[in-house]
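# This is a predicted model, with the sequence first.
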Amino acid sequence: MTHRLRRCHISVPGSNEKMLLKSTKLDVDVVIIDLEDAVAPSEKENARNLVAHLLQQETWRAPTVSVRINALSSEHCYQDILHLLDHDGAPSARPQTLILPKTQRSSDLLFVDQLLIQIEARRGLDRATGLEALVEDATGMLNVGDIATACERLETLIFGMGDFAASQRIDTLNIGDQGGYAGDLWHYPRYQLIMAARAHGLEPVDGPYANFKDATGHAADCTAAKCLGMTGKWAIHPDQIAPITTCFSPSLEAVAQARAQRTAYEAALAQGLGAVSVDGVMVDQASIKLAAPLLAQAALLGL
Ligand code: COA
Ligand code: MG
């Protein structure tokens, strides 16, 4: 699977040319161009044509550009895929990944996978388009383990809390907030999706927090998602990019602590010891497993 930085993914409505052009200049890991819920039904075809055109004309500063296509249940899904991929433009004029919304079972992804296999063969493309599954209703969440096994090109499972809340009739009106709930409203579905993703070598990604003026609530939401094991989170507004990117990057303190643990553990091993005390904390092989992804990300980011 292609390794990508996946801390912050900003969504941009595919019908809004001004925002799309602005998104080319954003310093962010992933730009998601949306053809689904942020595009009015009357604008679906215009948006699709605009996005296919801009992908041929523009280059994005973000290393990854993804497109959220329309759901299988709509009449737009296969047309979206054909317009974005089945053309004779350069390979770079195609999105790196497609995001399938409202994924309910692994066979949903197989449909897209099979279509992509045919297009890639017809166009002689050697770079496979990645696939990402938005799991965002009760049916999808019950099938999340099966969804995670769908096909090799699947890269992420994304938790979409807006549609999920609607499907379960959760009592909230702002996507991503806690409603009136005293605990952590999203703990259970997030946990399920993260376990399914990690069990199958996929990256779990958290959906958006719609109230972009509420920096405090957004920060708490980022921290909750990060603590449970999410790799990154969607943004819907440029102001959310910096807080999300910072939250999902290793802190310098954590990197220093992980390095100290690794150094002490290696010294212990050389003396035939499997466990050692570092600043009053027991460190053994499991601690090194905890530190490994953090140190790998730090190396990738040059920290
Ligand atoms: N991508 C790129 N640029 C964006 C942006 C986005 N997601 N959201 C806002 N901007 C730009 C605006 O165009 C504006 O640019 P300007 O200063 O050059 O005029 C600037 O950032 C400030 O925007 P602001 O005025 O604060 O917000 P807004 O009222 O223009 O837009 C939203 C608010 C919510 C409509 C807009 O952020 C949006 O459409 N977000 C994405 C929605 C989406 O993709 N939903 C589906 C996935 S959940
Ligand atoms: Mg949705």
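Structure's in. What do you need? Numbering: from 1, shown residues only. Ligands and ions are numbered 1, 2, ... in the order given.
# Which residues of this structure lie near ligand 2?
Selection of the chain residues close to ligand 2 by C-beta under 5 Å from the ion yields 136, 160, 163. Placement of C-beta: from N, CA and C, glycine included.
# which residues of this protein score low on pLDDT?
Using pLDDT under 70 as the threshold, the predicted model of the chain has low-confidence ranges 1.
# that older thread, considering the residues of the chain next to ligand 2, which is situated nearest to residue 190?
Using C-beta to C-beta, residue 160 comes nearest to residue 190 of the residues of the chain next to ligand 2, at 11.4 Å.
# Contact partners for the closest one?
With C-beta atoms under 8 Å, 6 or more residues apart in numbering as the criterion, the residues that contact residue 160 are 101, 134, 135, 136, 207.
# who wins for neighbours among those?
Top of these by neighbour number is residue 135, holding 30 neighbours under the definition other C-beta atoms under 10 Å.
# Relative to residue 279, how far out is that residue?
Going from residue 135 to residue 279 by C-beta to C-beta, to the nearest Å gives 39 Å.
# cool, residue 166 as well?
With the distance defined as C-beta to C-beta, residue 166 ends up 47 Å from residue 279.
# Show me which of those two is the more surrounded one.
residue 166 (14 against 9).
# Pull out the buried residues from the helix or strand that contains the more buried one.
Per DSSP states H and E, residue 166 falls inside helix 161-168. Of the residues in helix 161-168, those scored as buried under the neighbour-count criterion (16 or more other C-beta atoms under 10 Å) are 161, 162, 163, 164, 165, 167.
# Any chance you could list what contacts the next helix or strand after that helix?
Proceeding C-terminally, helix 161-168 gives way to helix 187-199 as the next helix or strand, assigned by DSSP H and E. When contacts are taken as C-beta under 8 Å, 6+ apart, the neighbours of helix 187-199 outside the stretch itself are 135, 141, 144-145, 147-148, 156-157, 159, 161, 164, 202-204, 206, 224-225, 228-230.
# what's the following helix or strand after helix 187-199?
If you walk from helix 187-199 toward the C-terminus, the next helix or strand you reach (DSSP H and E) is strand 203-206.
# Please see if that following strand touches ligand 1.
No - for a cut-off given as C-beta under 6 Å from any ligand atom, strand 203-206 has no contacts with ligand 1; the smallest distance is 11.6 Å.
# cool, stretch 36-54 as well?
Yes - Stretch 36-54 comes into contact with ligand 1 (C-beta under 6 Å from any ligand atom), by way of 37, 38.
# Now the closest residue to ligand 2 within the stretch 51-200 of the chain. Nearest residue, chain neighbours left out?
Of all residues in the stretch 51-200 of the chain, the one sitting closest to ligand 2 is residue 163 (3.7 Å; C-beta to the ion). Nearest in space to residue 163, with sequence neighbours left out and distances taken as C-beta to C-beta, 6 or more residues apart in numbering, is residue 136 at 3.9 Å.
# Tell me which stretches of the stretch 1-150 of the chain form strands.
Under the criterion DSSP state E, counting those that start in this stretch, the stretch 1-150 of the chain carries strands at the ranges 8-13, 30-34, 64-68, 97-100, 130-135.
# List just the one of the ones you listed that sits closest to ligand 1.
Judged by C-beta to the nearest ligand atom, the one of these that comes nearest to ligand 1 is strand 8-13, at 3.4 Å.
# Any part of that closest one near ligand 1?
Yes - under the criterion of C-beta under 6 Å from any ligand atom, ligand 1 is reached by strand 8-13 at 10, 11, 12, 13.
# Using the record's domain definitions, break this protein down for me.
Segmentation of the chain into domains, based on automatic domain parsing, reads 8-247, 252-301.
# Out of those domains, indicate the one that is most buried.
Across the domains of the chain, the average number of neighbours (mean count of other C-beta atoms under 10 Å) peaks for domain 8-247, which reaches a mean of 19.
# How about the contacts made by the residue sitting nearest the centre point of the chain?
Compute the mean C-alpha point of the chain, and by C-alpha atoms, centre = their mean the closest residue is residue 205, 3.7 Å away. Applying C-beta under 8 Å, 6+ apart, we find residue 205 in contact with 6, 9, 132, 156, 157, 158, 159, 230, 231, 232, 233, 234.
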